[in-house]
Structure formats: structure tokens, C-alpha cells
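Test case, fold it:
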Amino acid sequence: MHRKIFYCLLLLLLMPVLLLASTKGRIKGKVVDLQTNEPLVGANVLVIGSSTGAATDASGEFVLQNLEAGTYTLKASYLGYQSITISNIRVNADLTTDIDFQLPAEGINVGTVEIIAKRPLIQKDNTNKIRITSSEDIAALPVRSVNQIIGLSAGVVLQDNAVFIRGGRIDEVGFYLEGTSIKNPMTGGRGITLSQDAIEEVQVQSGGMTAEFGNGNAGIVRQ
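Model prediction:
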């Protein structure tokens, strides 16, 4: 009996950590030789402006975990090779961004190499019908509220400034802010007011929710 109580208390203590972990994204990729396409083992990949980084494994692959949603600049370097910097890399919450580096040897005169990443046409690991609106998109949209941004997603209807997804009731939409539920427990809908200028991205998920999200039978909105 005491053991069950202990496990229940431990689960309650770990729940906020588990929820916050779901708000992070990651970057993975590979560092290879520009001419031979051979993997470079032990190459350094650094997030510019932070202490976050990783070294490539025996296959030349690297993974950067627990990154906040936003845009990043990465720099790859290796002894005997010229460094390459890639900017404007978009990271989405709970999704993976793929970025590969091809480093030229120091004997090849290519000058300073800086690449601006482009958003991929298809997010390969976005398999759960998630519509993502980034801060760049929000700045360009002719709307003046977060609900209007959400209303642009497929399957979403706005009525009296309330969000309805896939024909569900107002209390069947789950709202999360950085992994914490902000749903109004009394009436449904979002329980707090958010400024669209302070939002990095909005994710609207209309199906395929995992067990970490509760009280969202119709859909999930994450900011």
C-alpha cells in the first residue's frame, strides 16, 4: 500500500517535467567530406550564441536535443576542414529538423561558407495532422488575435471568438502553453489571454494525439 502511494506521488512530481519535455524540438543530421562524401567522425556541431553542441558519431551523425521552438544558426567544424555555418534553421516543438553539412578540406579555396536554410516542403515526422504557424507567418498574417490565427487551420471553425475543431464542442479542445494546460476548466476554451507578438509558433493538431494530452477529444492547440 505504501509502495503504491510512493509511486503515485513520484508520478505527480514527474508529470510537469514530462509535459515540458514535449515542448522541445531537436535537430539531427550528418557531417561529411565535400568531395568524397565520407562521414567525418568527431566533428563538432555548435548552436551559435549558446553552449549547446554535439559531436558526430562513427557514422558522422549528430543530434541536438531539447531545443526551444524557434530559428537557430549552426556551425560545423573539423580539424583539417573549413567550417560551414547554416542559419535560419527552424525548429518546431516535438518535431525533428534534418540538417546535413558538407565540409571542404582546407586545401580547397572556397572562402567563407554561410548557408541560409530553407523550410522543407514536407516535414517527414509530422504524421499527426499538425498545422504549424511560425512567428514569421504570424507577422505576415492580417489578423489581430491568436484565435484568428488558429481559425486559419483546416478543420477549425470560429464562432463568437470561440474555437471549435472537427465539429466538437468548445470544451473538447485542449489548449497548452509550453506544455502546461491553459484550458478553462469551467467553460472550456483558452483560460488566459495571449499576445500574438509574444508567440513563437502555434500548432493545431486535429487528430492522432498521444496519451500525454488530455481533455482534447476534438483537437489540441499548442503555443
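
drop to CA atoms for contacts and neighbour counts, all remaining ones
Fine.

Outline the domain layout of the chain.
Each structural domain of the chain that the record assigns through automatic domain parsing is listed here as a residue range: 22-116, 130-222.

what's the distance between the longest one and the middle of its chain?
Between the centre of domain 22-116 and the centre of its host chain there is 17 Å, according to C-alpha atoms, centre = their mean, to the nearest Å.

pLDDT on that domain, on average?
The predicted model gives domain 22-116 an average pLDDT of 88.

who's in contact with the closest residue to residue 163 other than its chain neighbours?
Leaving aside its sequence neighbours, residue 163 sits nearest to residue 157 (C-alpha to C-alpha, 6 or more residues apart in numbering; 6.1 Å). If you count contacts by C-alpha atoms under 8 Å, 6 or more residues apart in numbering, residue 157 has them with 151, 163-165, 167.

Ends of stretch 216-223, what's the gap?
End-to-end distance of stretch 216-223: 15 Å, with C-alpha to C-alpha, to the nearest Å as the criterion.

Next, the buried residues of it.
Buried residues in stretch 216-223, counting neighbours by 16 or more other C-alpha atoms under 10 Å, are found at 216-223.

okay, those in a markdown table with secondary structure next?
As requested, the buried residues of stretch 216-223 are arranged in a markdown table below (DSSP: H, G, I helix; E, B strand; the rest coil):
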| residue | secondary structure |
| --- | --- |
| 216 | coil |
| 217 | coil |
| 218 | coil |
| 219 | strand |
| 220 | strand |
| 221 | strand |
| 222 | strand |
| 223 | coil |
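
which among the residues you listed gets closest to residue 52?
Closest approach between the buried residues of stretch 216-223 and residue 52, by C-alpha to C-alpha: residue 223, at 23.3 Å.

Kindly state the pLDDT recorded for the closest one?
At residue 223 the predicted local confidence, pLDDT, stands at 80.

now residue 215
67.

Just give me the neighbour total for the closest residue to residue 85 other than its chain neighbours.
Beyond its immediate neighbours in the sequence, the residue positioned closest to residue 85 (C-alpha to C-alpha, 6+ apart) is residue 75, lying 4.3 Å away. Applying other C-alpha atoms under 10 Å, we find 17 other residues in the vicinity of residue 75.

for residue 75, what are its contacts?
Contacts for residue 75 were tallied using C-alpha under 8 Å, 6+ apart; they are 45-48, 83-86.
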